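Q: Pasting a predicted model and its sequence here:
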Amino acid sequence: MEIVIAPGEAEVGERAADAVVAALAGRPEPVLGVATGSSPLSTYAALAERRLDWSRTSAFALDEYVGLPEEHEQSYHRVVDAEVTRRLGLDPARVHVPDGNAPDLEAECERYERAIRDAGGIDVQLLGIGGNGHIGFNEPASSFASRTRIKTLAPHTRRDNARFFASLEEVPVHCLTQGLGTIMDARRVVLVAIGERKAAAVAAMVEGPVSAHVPASILQHHRHATIVVDEAAAALLEGAEYYRFIQEQKHRVR
């Protein structure tokens, strides 16, 4: 696990974009896993500024609310279209989001897993982290072997996401999400975290035991995971000084 501590949100976006571009370099038809929420926005902004050719890139979203109309401003179909597809210039036909209104949700989860496999798997998965340590919508106690499935959102997550809705009551209770096993299949993972309210989750993910209580801690077992955080999100990392030293020495290896 590589830990990168950047001064602020813009720098987090730049460093995460560096990792994403490096992971996709040389692939004729790259596959990008995309996250929603506020944390990845600076990464998408940094990627957009580089004006790369994304026309052959496929993208798969991590999750979607169940029962929220696609045209709702907080549906991830709409968010991904605005923040990723249009911003980067991806071909909309190559951008995939789970259908939270499918008549058979379990069949939709199986279809989504097949679509990822048929695309050749995800080359780099961009992630955020919830205040309770979730990635995707894999809440505490999620199985490390889980695949795309229906999940019930934790009260903590619904309270956090209420800022995007008019009220807590409007936040959906259920979602479709890639599982932890699905996420771990990505060839490279880049997780971004910004702000002091993510500090406890970041510390538990990086330095705590690998535990289903902190789903993101499974990334300690990923061969190519890069964690990019700002100073506020890094505030509780006991090894922060060493992580900074590693980055300073990274390009001096002979």
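A: Right, received. Where do you want to start? In this text, all values refer to a predicted model and were calculated from it rather than measured experimentally.
Q: which helices and strands does the strand or helix carrying residue 20 pack with?
A: Assigned by DSSP states H and E, residue 20 belongs to helix 9-24. If you count contacts as 3 or more CB pairs under 8 Å, 6 or more residues apart in numbering; DSSP states H and E, helix 9-24 packs onto strand 2-6, helix 41-49, strand 124-127, strand 188-193, strand 225-230. The C-beta positions use only the backbone N, C-alpha and C, and glycine is treated the same way.
Q: Make JSON lines out of the ones you listed and add distance to residue 74.
A: Below are the helices and strands packed on helix 9-24 laid out as JSON lines (distance: least, CB to CB, whole Å):
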{"stretch": "strand 2-6", "distance to residue 74": "28"}
{"stretch": "helix 41-49", "distance to residue 74": "15"}
{"stretch": "strand 124-127", "distance to residue 74": "19"}
{"stretch": "strand 188-193", "distance to residue 74": "20"}
{"stretch": "strand 225-230", "distance to residue 74": "25"}
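Q: Adding distance to residue 115, mean neighbour count and mean pLDDT, write those out as JSON lines.
A: Converted to JSON lines, those look like this (distance: least, CB to CB, whole Å; neighbours: other CB atoms under 10 Å; pLDDT from 0 to 100):
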{"stretch": "strand 2-6", "distance to residue 115": "29", "mean neighbour count": "20", "mean pLDDT": "97"}
{"stretch": "helix 41-49", "distance to residue 115": "22", "mean neighbour count": "20", "mean pLDDT": "96"}
{"stretch": "strand 124-127", "distance to residue 115": "15", "mean neighbour count": "26", "mean pLDDT": "98"}
{"stretch": "strand 188-193", "distance to residue 115": "19", "mean neighbour count": "26", "mean pLDDT": "98"}
{"stretch": "strand 225-230", "distance to residue 115": "24", "mean neighbour count": "26", "mean pLDDT": "98"}
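Q: Relative to residue 96, which of the ones you listed is closest?
A: strand 124-127 (13.4 Å; CB to CB).
Q: Next SSE downstream of the closest one?
A: strand 149-152.
Q: Please tell me how far the closest residue to residue 148 other than its chain neighbours sits from residue 102.
A: In space, and not counting its chain neighbours, residue 148 is closest to residue 109: 4.4 Å by CB to CB, 6 or more residues apart in numbering. As defined by CB to CB, to the nearest Å, residue 109 lies at a distance of 9 Å from residue 102.
Q: Low-confidence stretches in the stretch 151-254 of the chain?
A: 253-254 (pLDDT under 70).
Q: mind redoing it with 90?
A: Across the stretch 151-254 of the chain, residues meeting the criterion (pLDDT under 90) sit at 249-254.
Q: now the helices for it?
A: 155-161, 180-184, 199-207, 240-249 (DSSP state H, counting those that start in this stretch).
Q: Mind listing residues that contact the shortest one?
A: Going back to what we said before, that points to helix 180-184. 33, 62, 113, 116, 125, 127, 135-136, 138, 142-148, 189, 215, 218-219, 221-222 (CB atoms under 8 Å, 6 or more residues apart in numbering).
Q: Filter those residues down to just the buried residues.
A: By neighbour count, with 16 or more other CB atoms under 10 Å, these hold 33, 62, 113, 116, 125, 127, 135-136, 138, 142, 144, 146-148, 189, 215, 218-219, 222 as buried.
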